[in-house]
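Engineer: no FASTA, just this:
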């Protein structure tokens with residue numbers, strides 16, 4: 001997702017804007033630019049292709065006085081990666097400047113009409129259309145202020161937007177608007193901030209207001225007003241951001257990804273804290289308290305997510321069906337609404353998203369809501385759209401996850417799904433003894449994770465050994481089938497090598513044709529109910545001279561005889577093994593990517609929060 005930061009107040013805007021956009025670098029971008037308006041009514045703007053550092057170098061030593069401005073980091077959608085296509089964009093007069101996240105679906109029609117009216121376009125973007133549209137409304141009615149011109153323009157466009165606008169003629173105003181693209185307002189003392197992510201404003205304030213779809217804000221140094229597009233004045237609640245600026249820093253680690261892997265034990269502790277009642281073998285999830293009767297009587301649970309969140313849902317599917325005895329269907333959110341899902345009485349939708357802003361997951365959630373299906377959420381960001389749009393939900397409480405490749409968010413989601421299983425199972429037919437066993441083992445998971453992390457150097461040496469290979473096969477069964485997919489996903493997104501997750505039982509149905517000495521296979525093979533079958537699969541690969549890396553249970557010497565390399569994890573309940581088995585795979589991917597010389601925190605072509613479908 002592209003980054004937006006805006007500021008209006010008494011301080012110099014540019015240092016605040018540049019600091020804020022640097023805090024959003026982890027989201028991914030290919031160009032950046034800013035515009036600052038002074039009280040005398042002048043606008044200064046610069047753009048650059050590449051990192052924010054390139055933009056900083058470009059303006060080094062220059063004076064950009066002004067206490068209101070906007071800045072943007074762009075992932076190219078419409079038009080190539082050029083300074084001309086970088087934001088901010090302006091109207092013909094140079095009065096109106098804006099930055100935009102999202103896609104304007106009817107921009108071609110609007111652009112054609114505006115050109116006929118004499119507007120001259122400089123870029124290939126859809127965004128520039130909005131600037132000219134605002135200008136046209138003001139041309140037709142000179143009495144319109146910038147806020148009303150923006151409102152009328154937004155009634156004309158069709159699509160998604162997070163928008164920040166400044167006007168040279170009204171330097172004491174900053175306009176923000178949102179539709180399906182996250183945007184928040186940071187509240188300071190005599191100053192306001194706009195951002196697409198709270199990370200950009202934490203240094204200045206923890207008090208934020210989240211805009212909802214179809215809302216716009218008019219900010220001045222003295223006050224803020226929020227309206228819907230029908231001009232109704234709205235009262236919005238403040239939210240307190242939970243984490244500190246320090247939590248969003250590397251803390252001595254070379255990369256955010258490694259820091260966040262090492263934070264996983266603490267993240268799980270935070271995710272389960274106060275939610276387990278071990279002596280009663282049950283879980284309590286306060287965020288679901290009001291919907292417990294519906295959850296208890298649910299006949300089917302639909303889980304929707306994208307990428308890593310989807311794979312966490314796949315683990316939850318095994319948990320809920322085995323221990324809560326309820327049918328579960330897990331869907332890629334990007335496919336959910338397009339296959340025309342059939343809803344039934346007694347369905348419940350569970351949406352999983354770290355950011356709480358994932359466009360496809362949000363669309364799936366709204367599809368379910370429109371059909372009258374109760375909705376739940378598992379999200380990490382307090383006040384996010386999914387958190388607000390669901391009937392009830394559970395926060396992960398793992399702090400900011402900066403690395404684009406999700407790590408601690410995945411294990412937290414799995415842990416919360418285990419809590420949800422315990423909650424639902426005990427409401428149904430799960431015995432006290434089973435509940436006590438699950439709760440007791442879940443409490444041990446953080447210490448088990450710490451034990452695995454002590455093998456970091458061992459796993460790095462494995463990455464050194466295998467770094468010349470360009471193809472990997474990840475194989476798992478049952479609870480660890482999604483872990484195989486997740487391990488492959490981490491390797492491909494961090495190191496750009498081909499890695500494929502596959503069900504080990506499907507090996508003989510095609511993939512075995514690929515096995516030779518040039519294709520390492522990574523087996524997730526703890527001592528569980530499918531262990532012997534996994535051993536058989538390993539033997540099949542070994543017979544064809546395929547290198548084997550195994551993730552196995554401590555004390556398993558048998559597997560050492562047939563695998564080239566083994567990473568051991570502590571023994572736990574089968575349903576909880578994904579929480580442990582995934583960590584060696586995350587570390588392996590991390591070291592593999594670093595050894596190949598890549599920026600593992602910001603993989604190419606990827607964004608942290610995918611808010612454009």
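Structural biologist: Okay, I see it. Source: prediction; values computed, not measured. Residues are numbered from 1 along each chain as shown.

Engineer: mean confidence for the helix or strand hosting residue 461?
Structural biologist: Assigned by DSSP states H and E, residue 461 belongs to helix 456-466. Per-residue pLDDT values over helix 456-466 give a mean of 97.

Engineer: how far off centre is the helix or strand that it is followed by?
Structural biologist: Downstream of helix 456-466, the first helix or strand assigned by DSSP H and E is strand 471-476. Between the mean C-alpha location of strand 471-476 and the chain-wide mean there is a distance of 25 Å, by CA atoms, centre = their mean, to the nearest Å.

Engineer: buried sites along strand 471-476?
Structural biologist: 472, 473, 474, 475, 476 (16 or more other CB atoms under 10 Å). All C-beta atoms are positioned from the backbone trio N, CA, C, and that covers glycine.

Engineer: which pLDDT value belongs to the third one?
Structural biologist: This points to residue 474. We have a pLDDT of 98 for residue 474.

Engineer: quick check: it touching residue 501?
Structural biologist: Yes. Applying CB atoms under 8 Å as the test, residue 474 and residue 501 come out as touching, 4.6 Å apart.

Engineer: mutual contacts of these two, please.
Structural biologist: Shared contacts of residue 474 and residue 501, defined by CB atoms under 8 Å, 6 or more residues apart in numbering, comprise 484, 485, 487, 488.

Engineer: circling back: so can I have CSV of the buried residues of strand 471-476 showing distance to residue 459?
Structural biologist: Listed next are the buried residues of strand 471-476 as CSV, based on distance: CB to CB, whole Å:
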residue, distance to residue 459
472, 14
473, 18
474, 15
475, 18
476, 18
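
Engineer: nearest to residue 401 among those?
Structural biologist: Taking CB to CB as the measure, residue 401 lies nearest residue 474 of the buried residues of strand 471-476, at 22.3 Å.

Engineer: quick one: contacts for the closest one?
Structural biologist: 484-485, 487-488, 491, 499-502, 521-522, 524, 585.

Engineer: do the same with residue 578
Structural biologist: Residue 578 touches 315, 414, 479, 480, 482, 483, counting by CB under 8 Å, 6+ apart.

Engineer: among the residues you listed, which two are most distant?
Structural biologist: So, the contacts of residue 578 by CB to CB: farthest apart are 414 and 480, at 11.5 Å.

Engineer: pull the residues that contact the lengthiest helix in the chain.
Structural biologist: Using DSSP state H, we find that the single longest helix of the chain is helix 432-453. Helix 432-453 is contacted by residues 261-262, 264-266, 268-269, 272, 276-283, 323, 411, 415, 418-419, 421-422, 425-426, 569-570, 572-573, 575-576, 579-580, 583-584, 587 when judged by CB under 8 Å, 6+ apart.

Engineer: list the buried residues in that helix.
Structural biologist: Applying 16+ other CB under 10 Å to helix 432-453 flags 434-436, 438-439, 441-442, 445-446, 448-449, 451-453 as buried.

Engineer: so which of those residues is the closest to residue 351?
Structural biologist: Nearest member of these to residue 351, counting by CB to CB, is residue 442, at 22.8 Å.

Engineer: and the closest one, how far is that from residue 288?
Structural biologist: Using CB to CB, to the nearest Å, residue 442 is found at 17 Å from residue 288.

Engineer: could you do residue 192 as well?
Structural biologist: Here residue 192 is placed at a distance of 35 Å from residue 288 (CB to CB).

Engineer: looking at the two, which is more packed in?
Structural biologist: Comparing residue 192 with residue 288 by other CB atoms under 10 Å, the one with more neighbours is residue 192, at 26 against 20.

Engineer: where does the closest residue to that one other than its chain neighbours fall, phi/psi-wise?
Structural biologist: Closest residue to residue 192 apart from its sequence neighbours, by CB to CB, 6 or more residues apart in numbering: residue 219 at 4.3 Å. In terms of degrees, to the nearest 10, the main-chain angles of residue 219 are phi -110, psi 140.

Engineer: name the residues linked to residue 219 by a beta bridge.
Structural biologist: residue 174, residue 224 (DSSP bridges).

Engineer: now the strands for the stretch 51-200 of the chain?
Structural biologist: Along the stretch 51-200 of the chain, the segments classed as strands by DSSP state E, counting those that start in this stretch run 68-74, 89-90, 96-101, 161-167, 174-179, 184-187, 192-195.

Engineer: any idea which of those gets closest to residue 539?
Structural biologist: Nearest of those (CB to CB): strand 68-74, 50.5 Å.

Engineer: go through that closest one and flag the buried ones.
Structural biologist: 68, 69, 70, 71, 72, 73, 74.

Engineer: so where's the chain shaky on pLDDT?
Structural biologist: Within the chain, the stretches with pLDDT under 70 are 1, 26-28, 243-248, 251, 607-613.

Engineer: which one is residue 328 nearest to, not counting chain neighbours?
Structural biologist: residue 317 (4.4 Å).

Engineer: hmm, the one you found is touching residue 330, no?
Structural biologist: Yes. Applying CB under 8 Å as the test, residue 317 and residue 330 come out as touching, 4.9 Å apart.

Engineer: when those two are compared, which one has more neighbours?
Structural biologist: For the pair residue 317 and residue 330, the greater number of neighbours falls to residue 330 (22 against 19), based on other CB under 10 Å.

Engineer: residues contacting that one?
Structural biologist: 302, 303, 304, 305, 310, 313, 314, 316, 317.

Engineer: switch to 7 Å and redo it
Structural biologist: Shown in contact with residue 330 (CB atoms under 7 Å, 6 or more residues apart in numbering): 303, 310, 313, 314, 317.

Engineer: with residue 237 instead?
Structural biologist: Taking CB under 7 Å, 6+ apart as the definition, residue 237 has no contacts.

Engineer: next, the distance between the ends of stretch 49-65.
Structural biologist: Length of stretch 49-65, first residue to last, CA to CA, to the nearest Å: 23 Å.

Engineer: check the offset of it from the chain's centre.
Structural biologist: Worked out by CA atoms, centre = their mean, stretch 49-65 lies 28 Å from the chain centre.

Engineer: before we move on, back to that, can you tell me which of the contacts of residue 578 is nearest residue 175?
Structural biologist: Checking the contacts of residue 578 against residue 175 by CB to CB gives residue 414 as the nearest, at 41.4 Å.

Engineer: A helix includes the closest one, no?
Structural biologist: Yes. The assignment for residue 414, made by DSSP: H, G, I helix; E, B strand; the rest coil, places it in a helix.

Engineer: surely it meets residue 312?
Structural biologist: Yes. With contact defined as CB atoms under 7 Å, residue 414 counts as touching residue 312 (5.2 Å).

Engineer: before we move on, the earlier item: what about the residue nearest to residue 192, distance to residue 6?
Structural biologist: 8 Å.

Engineer: likewise residue 122?
Structural biologist: Per CB to CB, residue 122 is found 22 Å from residue 6.

Engineer: how close does residue 375 get to residue 368?
Structural biologist: Counting by CB to CB - residue 375 and residue 368 are separated by 6 Å.

Engineer: kindly apply the preceding question to residue 519 instead.
Structural biologist: Taking CB to CB, one finds residue 519 at 41 Å from residue 368.

Engineer: who has more neighbours, those two?
Structural biologist: Higher neighbour count among residue 519 and residue 368: residue 368, with 23 against 20, using other CB under 10 Å.
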